[in-house]
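Chemist: Sharing a sequence plus its predicted fold:
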Amino acid sequence: MKHLVYLGNKLSSAGRTVSTIETLSALLRTEGFTVTTASSYKNKGARLLDMLWTIIRHAKTVDYVLIDTYSTQNFYYAYLCAQLCRLLAIPYIPILHGGNLPNRLKRSPKLSASIFKHAHVNSAPSEYIKTAFAQNGYTNVSCIPNSIDSNVYLFKHRTMETINLLWVRSFSEIYNPKLAVRILQGLQSRGIKARLCMVGPEVDGALAATKRYAETLDVEVTFTGKLSKAEWISLSDDYNVFINTTNFDNMPVSVIEAMALGLPVVSTNVGGMKYLIQHEETGVLVPPDDAEAFVEAILNLQRDTPRRKQWVLKAREHAETYDWNTVKKLWINTLCE
């Protein structure tokens, strides 16, 4: 079977969220691929050097190099790794994460072309990213979505006598966690009984800032920090609305997971969300950074039980299309052609 080198940030041991490199590499191994990964070094410079050295060390045996590619600082990691692959004549596949990658194509056209034009194929987790790349002249893009094991997520119909909001994401400014606090305040200011739990690790100071913001607005929020998947799935039993407040997005696994669990989802209408959620069919999409729109959408969910039940059933059906048993066929076709 093929030997893959997979490059990305493996930082869950340092308190970060489990990333795609950790989940996808394990899944590919179950399908018989040999997968070498890098890197788990916390220091950014050491992490980059480990990625580059891993390419060199396996240059004679590797079939493909997979490169997690984001729009921020990691973009330059991907650039350097891609150039080394080109130098060594190794086929590489950027995996296109991050809802802001289309803006990176515009800001850095030459660097982008040197990565993406020469890739064996670019793997886009959403039609949003695939379409954005096509609009910028890239034809070597294949849509391979993020996956879940749908058997892990037990569907549950939820009542909404009180509103119990759940937010699950790494605490980063681009995910706009303070908006969740404003949504809670907006509900409570109307006399609605509501509570909010926010799950996720600190990334860029946004967790500490959100805690201070909640204190400033005088609202009580439960912050759990990082939880394992099993822990937050268990926690979700006590909640009945999932809110996604991000300013940029692609194909967030946490939203797919919420849909699989039967949590009605209210999300900002940004990036790839319109490809994941069909508005008022499998969830609700609202403008970004608009707490009032979130409040109205949540109250509408509370008022209309039959419609809400219909939406979550359709959402569960859609979430099942991202099951690994389906998605793996796309990876096998790409890696074994």
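Modeler: Looks like it arrived, so ask away.

Chemist: how about low-confidence regions in the chain?
Modeler: Along the chain, segments meeting pLDDT under 70 span 13-16.

Chemist: Domain parsing of it, as residue ranges.
Modeler: With automatic domain parsing as the criterion, the domains of the chain are listed as 3-147+323-335, 150-320.

Chemist: Can you get me the centre-to-centre distance for the last one and its chain?
Modeler: The reference is to domain 150-320. Distance of domain 150-320 from the chain centroid (Cα atoms, centre = their mean, to the nearest Å) equals 14 Å.

Chemist: Identify the residues contacting the nearest residue to Phe171 once chain neighbours are set aside.
Modeler: Among residues not flanking Phe171 along the chain, Leu207 sits closest, at 3.7 Å (Cβ to Cβ, 6 or more residues apart in numbering). Quick note: C-beta positions are derived from backbone N, CA and C, even for glycine. Counting by Cβ atoms under 8 Å, 6 or more residues apart in numbering, Leu207 touches Phe171, Pro177, Gly200, Pro201, Phe223, Gly225.

Chemist: got CSV for these, with secondary structure and neighbour count too?
Modeler: Shown next, in CSV, are the contacts of Leu207 (DSSP: H, G, I helix; E, B strand; the rest coil; neighbours: other Cβ atoms under 10 Å):
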residue, secondary structure, neighbour count
Phe171, strand, 25
Pro177, helix, 26
Gly200, coil, 24
Pro201, coil, 19
Phe223, strand, 18
Gly225, strand, 12
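
Chemist: Return the closest of those residues with respect to Ala46.
Modeler: Ala46 has its nearest neighbour among the contacts of Leu207 in Pro201, at 20.5 Å by Cβ to Cβ.

Chemist: Can you give me the distance of that closest one to Ser170?
Modeler: For Pro201, the distance to Ser170 (Cβ to Cβ, to the nearest Å) stands at 6 Å.

Chemist: Secondary structure class of Trp167, three-state.
Modeler: Secondary structure, DSSP: H, G, I helix; E, B strand; the rest coil: Trp167 is strand.

Chemist: How many residues are close by it?
Modeler: 27 (other Cβ atoms under 10 Å).

Chemist: What residue, apart from its backbone neighbours, is nearest the residue most central in space within the chain spatially?
Modeler: Closest residue to the average C-alpha location of the chain: Pro252 at 2.9 Å, with Cα atoms, centre = their mean. Once flanking residues are discounted, Pro252 sits nearest to Asn244: 6.7 Å by Cβ to Cβ, 6+ apart.

Chemist: Now that neighbour: phi and psi?
Modeler: phi -120, psi 110 (degrees, to the nearest 10).

Chemist: Ok, Thr37 next?
Modeler: Dihedral angles for Thr37 - degrees, to the nearest 10 - are phi -120, psi 150.

Chemist: and it, bridged to which residues?
Modeler: Beta-bridge partners recorded for Thr37 (DSSP bridges): Tyr6.

Chemist: Relative to Tyr64, how far out is it?
Modeler: 13 Å.

Chemist: list residues touching both of the two?
Modeler: Joint contacts of Thr37 and Tyr64 (Cβ under 8 Å, 6+ apart) are Val5.

Chemist: elements contacting the helix or strand in which Met198 is found?
Modeler: Secondary-structure assignment from DSSP states H and E places Met198 in strand 194-199. The criterion is 3 or more Cβ pairs under 8 Å, 6 or more residues apart in numbering; DSSP states H and E, and the helices and strands that strand 194-199 contacts are strand 163-168, helix 177-189, strand 222-225, helix 229-235.

Chemist: Just the C-alpha atoms of the last one, please, in PDB.
Modeler: Just to be clear, that refers to helix 229-235. The C-alpha coordinates for helix 229-235 follow below in PDB (Å, rounded to 0.1, in the frame of the first residue of the first chain):
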ATOM      1  CA  LYS A 229     -14.700  14.400  21.800                       C
ATOM      2  CA  ALA A 230     -16.400  11.800  24.100                       C
ATOM      3  CA  GLU A 231     -16.600  14.400  26.900                       C
ATOM      4  CA  TRP A 232     -18.200  17.100  24.800                       C
ATOM      5  CA  ILE A 233     -20.600  14.700  23.200                       C
ATOM      6  CA  SER A 234     -21.700  13.600  26.600                       C
ATOM      7  CA  LEU A 235     -22.000  17.200  27.700                       C
END
